[in-house]
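**Student:** Structure for the following, please:
(one chain, ligands or ions: 1)
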Amino acid sequence: MASSSLPSISLPVNVFELNNILSLVLTLTITSILLANGAMAMAIPTTLDGPFKPVTIPLDESFRGNAIDLPDTDPRVQRTVEGFEPEQISVSLSSAHDSVWISWITGEFQIGNNLKPLDPKSVVSVVRYGTRRSQLNRKATGRSLVYSQLYPFLGLQNYTSGIIHHVRLTGLKPDTLYHYQCGDPSIPAMSGTYCFRTMPDSSSTSYPSRIAIVGDVGLTYNTTSTVSHMISNRPDLILLVGDVTYANLYLTNGTGSDCYACSFANSPIHETYQPRWDYWGRYMQPVLSKVPIMVVEGNHEYEEQAENRTFVAYTSRFAFPSKESGSLSKFYYSFNAGGIHFLMLAAYVSFDKSGDQYKWLEEDLANVEREVTPWLVATWHAPWYSTYKAHYREAECMRVAMEDLLYKYGVDVVFNGHVSES
Ligand SMILES: [Fe+2]
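**Tutor:** As a prediction, the model looks like this:
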């Protein structure tokens, strides 16, 4: 298998200065392709017709080469709510069309020393929803948590988050617009009314019209171009293939750099500035409060802190349909969107053949019904096939462990990120 490759698309394939983050959007008008799978099987080849040579997509020269982060004074990253009103509202899918997650944050984060974390039980997690905006007659409750990012070193600052809420809605109809409010009705502190559309039912003739696939997003002025482009293409679903906020290019005092290792070589630990996560959540709310987002982790989410804890912001802030898809880990899971079965794989936790991820993947693949979901799409962060020297063969061990399995079950398309910096 090593001499050929799965049909993969790495996002993006370009050389940039570190933190000159290119956020590529590959907005797929996927319906025509997918429907053609049945009607024109000969014209649209599948993995079963491969292997194929990888194709490199050239750089869009309109992107700026020197990406500059949005500052914390930008109005789009400000906290605009009061008290315990919800902010950073987002929607993500569960494993099938009949269920979604609604996530949001209440209360203010704290950064400094001698912090007193908020009590997650002090604000309840309620979503009221329905198919008519004027009649939100269904109610779901969920869970809440706070996380801390602790750096026990002289001069560094600690962070503790607002209260993060995740509520799962169930019993939803396919391809249906739902309106919702989230918050705590007892304070009262409910959000405004937002809406999302559920995925179509899973079948060989039923697909979301457009899926936006982004990687290495960050929160730069390039990000704003990417997100504007994404919105203008009206996606039904967003896949984020890792590297979200780049909060790890900052010290805890809020000083950022394009090159962390060059600028902060003497830091006792690789610091992060967690408010960048809140800025990202605020900036993205207008999109993510109505278009579901599904995420896999990238290397920038590693974020080591005290007691060797890692990926804490990532695993706390997003909702993942892990349990619903038989996974014991927030790092890997699967879900259906119409006639597509998505595999969200983890490049930064064990992928060995004796490990939990491999066993879960093997079982998940064995249970895929290709008559119901003819298309099988896999994503993870670091590409297996890339000639880019800065990340050359970084994911080779993952490829060696898992490539045969993806071939065996006929994965049609792979999406990756990561190759965006020098
Ligand atoms: Fe990366």
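**Student:** For the closest residue to the ion within the stretch 51-200 of the chain, which three-state class applies?
**Tutor:** Residue nearest to the ion within the stretch 51-200 of the chain: Ala67 (14.3 Å; CB to the ion). (Each C-beta comes from the backbone N, C-alpha and C, glycine too.) Here Ala67 is coil, with the state taken from DSSP: H, G, I helix; E, B strand; the rest coil.
**Student:** ok, and the closest non-adjacent residue to it?
**Tutor:** Thr220 (4.0 Å; CB to CB, 6 or more residues apart in numbering).
**Student:** Might one say that that neighbour is in contact with Asp69?
**Tutor:** Yes - assessed by CB atoms under 8 Å, Thr220 is found in contact with Asp69 at 5.3 Å.
**Student:** quick one on the thing from earlier: list phi and psi for the residue nearest to Ala67.
**Tutor:** Main-chain dihedrals, Thr220, degrees, to the nearest 10: phi -110, psi 180.
**Student:** Quick check: the gap between it and Ile231.
**Tutor:** 17 Å (CB to CB, to the nearest Å).
**Student:** Between these two, which is the more surrounded one?
**Tutor:** Neighbour count, other CB atoms under 10 Å: between Thr220 and Ile231, Thr220 has more, with 21 against 14.
**Student:** With Ile68 as the reference, measure out to that one.
**Tutor:** 6 Å.
**Student:** cool, Glu371 as well?
**Tutor:** Here the criterion is CB to CB. By it, Glu371 lies 49 Å from Ile68.
**Student:** Leu222 should be in a helix, yeah?
**Tutor:** Quick fix: residue 222 is Asn, not Leu. Yes - judged by three-state DSSP, Asn222 forms part of a helix.
**Student:** Neighbours of the nearest residue to it once chain neighbours are set aside, how many?
**Tutor:** Spatially, and ignoring its direct neighbours in sequence, Asn222 is nearest to Ala67 (4.6 Å; CB to CB, 6+ apart). Neighbourhood size, Ala67 [other CB under 10 Å]: 25.
**Student:** surely Ala67 meets Leu219?
**Tutor:** No - under the criterion of CB under 8 Å, Ala67 makes no contact with Leu219, lying 9.8 Å away.
**Student:** so what's His300 up against?
**Tutor:** 242-249 (CB atoms under 8 Å, 6 or more residues apart in numbering).
**Student:** May I ask which of these has the most neighbours?
**Tutor:** Thr245 (30 neighbours).
**Student:** tell me the secondary structure for it?
**Tutor:** Going by three-state DSSP: Thr245 is coil.
**Student:** quick one: the strands in the stretch 251-400 of the chain?
**Tutor:** Under the criterion DSSP state E, counting those that start in this stretch, the stretch 251-400 of the chain contains strands at 293-295, 333-337, 340-344, 375-379.
**Student:** What residues of the second one count as buried?
**Tutor:** Counting neighbours by 16 or more other CB atoms under 10 Å, one finds that the buried residues in strand 333-337 are 333-337.
**Student:** Dump these to JSON lines, plus pLDDT and distance to Ala347.
**Tutor:** Formatted as JSON lines, those follow (pLDDT from 0 to 100; distance: CB to CB, whole Å):
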{"residue": "Tyr333", "pLDDT": "98", "distance to Ala347": "14"}
{"residue": "Ser334", "pLDDT": "98", "distance to Ala347": "16"}
{"residue": "Phe335", "pLDDT": "98", "distance to Ala347": "18"}
{"residue": "Asn336", "pLDDT": "98", "distance to Ala347": "22"}
{"residue": "Ala337", "pLDDT": "98", "distance to Ala347": "22"}
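**Student:** give the contact list for Trp101.
**Tutor:** Contacts of Trp101 by CB under 8 Å, 6+ apart are 91-94, 166-169, 319, 321.
**Student:** List the buried residues of stretch 284-292.
**Tutor:** Neighbour-count burial for stretch 284-292 flags 284-285, 287-292 (criterion: 16+ other CB under 10 Å).
**Student:** nope, stretch 357-373 is what I meant
**Tutor:** So for stretch 357-373, counting by 16+ other CB under 10 Å, buried means 357-358, 360-361, 364-365, 368, 373.
**Student:** between the host helix or strand of Asp404 and strand 340-344, how many degrees?
**Tutor:** In this structure, Asp404 sits in helix 396-408 according to DSSP states H and E. Per axes from the mean of the first three to the mean of the last three CA atoms, to 10 degrees, the angle that helix 396-408 makes with strand 340-344 is 160 degrees.
**Student:** For helix 396-408, give the mean pLDDT please.
**Tutor:** Mean pLDDT, helix 396-408: 97.
**Student:** do stretch 65-79 as well
**Tutor:** What stretch 65-79 shows for mean pLDDT is 93.
**Student:** buried ones in that stretch?
**Tutor:** Quick answer for stretch 65-79 (16+ other CB under 10 Å): 67, 69-70, 77.
**Student:** Which residues are in contact with the residue of the stretch 301-422 of the chain found nearest the ion?
**Tutor:** Of all residues in the stretch 301-422 of the chain, His418 sits closest to the ion, with a separation of 3.7 Å (CB to the ion). Taking CB under 8 Å, 6+ apart, we find His418 in contact with 10, 215-216, 242-243, 298-299, 381-383, 391, 394.
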